[in-house]
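**Student:** What shape does this take:
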Amino acid sequence: MNLPNPNPATDQPLFFTPLLSPTLPGQTFHMYHEKETRVSGMPWHCLHIKDWCKSQTLYTMTWEKGLSPPIFCDMFRASGCENICARITYDITNAESHKGCRMTIDGGTGTTVHTSPDRSKGWSPRRFTFGDRRFVWRHNGTEKDSGMLSSFFKMDELYEVIREWPVPVSLTGKVGDEVFDRPLAWGERTMLKYGGHVCTVQLAGGLDQLFREFILANMLGPLTLGLAFKDVTQNPPTPNPNRGAVVGPTDRPPRDPNQDIIDRIQVHIP
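**Tutor:** Sure, this is the predicted structure:
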């Protein structure tokens, strides 16, 4: 592959993928989904990210089980349940947003990254800039469309972009690109119903912790939104006999903005 040389005059960084040694061992993560009720009485979804041997929870992603899909999802390290290491904010515009929408990911160190699909429908391909380098999520096309996740979530693979360009004849925003052959992240779906093992994620060896956490949040963001939409569809709001209308967010009592942190701390108290 004939790679363009970064231009020192423009401070263009070196490509990231060639700097990773292929001999470094990769990392395997297993995702488990469950529902729980917090001390405040509010139901929540949790996606636990476990290590390769499935014995230790390294991260937990949480979102409230509400009457409408969540606008954000938080990711915590197991060592600090009160500190958010990544917050995913979804740009929900319609009832099909769970099949593809813009996401904003705020890291615990102040880093903010926007991830946008090329087209208005579908998560893949979607692109982002991290450390002044361009990356793209692509669907590998080999997954079988089976199980409850297949309608809204597919395991994409992450590649670093060498160059990209808009396709002139495309009316849907298609972008052409050239990427490195070696993926930085990939995975496999396993979930057939709510609860239990959801998927397995593989990351290339040599990734630093900040980038690794961002990749996990970015890869699993579509999954958490899809599960939330699925839950709202399967468990619709119930009529309110006192008002003759569907129970909505306005029927809830005002919520203390610090209650999320209080819930998590109390749940983790031995």
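
**Student:** Could you check which helix or strand contains Lys121?
**Tutor:** Using DSSP states H and E, Lys121 falls within no helix or strand.

**Student:** Now tell me which helix or strand of the protein has the poorest mean pLDDT.
**Tutor:** strand 245-246 (a mean of 37; mean pLDDT, DSSP states H and E).

**Student:** any idea how far the nearest residue to His98 once chain neighbours are set aside is from Leu223?
**Tutor:** The shortest distance from His98 to any residue other than its chain neighbours is 3.8 Å, reached at Phe229 (Cβ to Cβ, 6 or more residues apart in numbering). Using the backbone N, CA and C atoms, a C-beta is placed for each residue, glycine as well. In this structure, Phe229 and Leu223 are separated by 11 Å, where distance is defined by Cβ to Cβ, to the nearest Å.

**Student:** helix or strand for the residue minimising distance to the centre of the chain, which one?
**Tutor:** With distances taken as Cα atoms, centre = their mean, Gly221 lies nearest the centre of the chain, 1.9 Å away. Secondary-structure assignment from DSSP H and E places Gly221 in helix 209-234.

**Student:** Flag every buried residue along that helix.
**Tutor:** Buried residues in helix 209-234, counting neighbours by 16 or more other Cβ atoms under 10 Å, are found at 210-232.

**Student:** Identify the residues contacting Gly108.
**Tutor:** When contacts are counted by Cβ atoms under 8 Å, 6 or more residues apart in numbering, Gly108 touches Asn83, Ile84, Cys85, Ala86.

**Student:** 10 Å instead?
**Tutor:** Contact criterion Cβ atoms under 10 Å, 6 or more residues apart in numbering gives Met75, Phe76, Arg77, Gly80, Asn83, Ile84, Cys85, Ala86, Arg87, Leu210, Glu213 as the residues in contact with Gly108.

**Student:** can you tell me how far it sits from Ala228?
**Tutor:** The separation that Gly108 has from Ala228, given Cβ to Cβ, amounts to 23 Å.

**Student:** Likewise for Asn83?
**Tutor:** Distance from Asn83 to Ala228, counting by Cβ to Cβ: 23 Å.

**Student:** remind me which residues of this structure are low pLDDT?
**Tutor:** Under the criterion of pLDDT under 70, the regions of the chain flagged as low confidence span 1-11, 38-41, 66-68, 80-82, 141-152, 191-195, 232-270.

**Student:** the helices in it, which residues?
**Tutor:** Read by DSSP state H, the chain holds these helices, from start to end of the chain: 209-234, 259-267.

**Student:** just to revisit the earlier point, filter the contacts of Gly108 down to the buried ones and hand me the PyMOL line.
**Tutor:** Remark: buried members of these, expressed as a PyMOL selection using 16+ other Cβ under 10 Å:
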select buried, resi 75+76+77+84+85+86+87+210+213
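
**Student:** Show me the contacts of Gly108 that map onto strands.
**Tutor:** Among the contacts of Gly108, the residues falling in strands (DSSP state E) are Met75, Phe76, Arg77, Ile84, Cys85, Ala86, Arg87.
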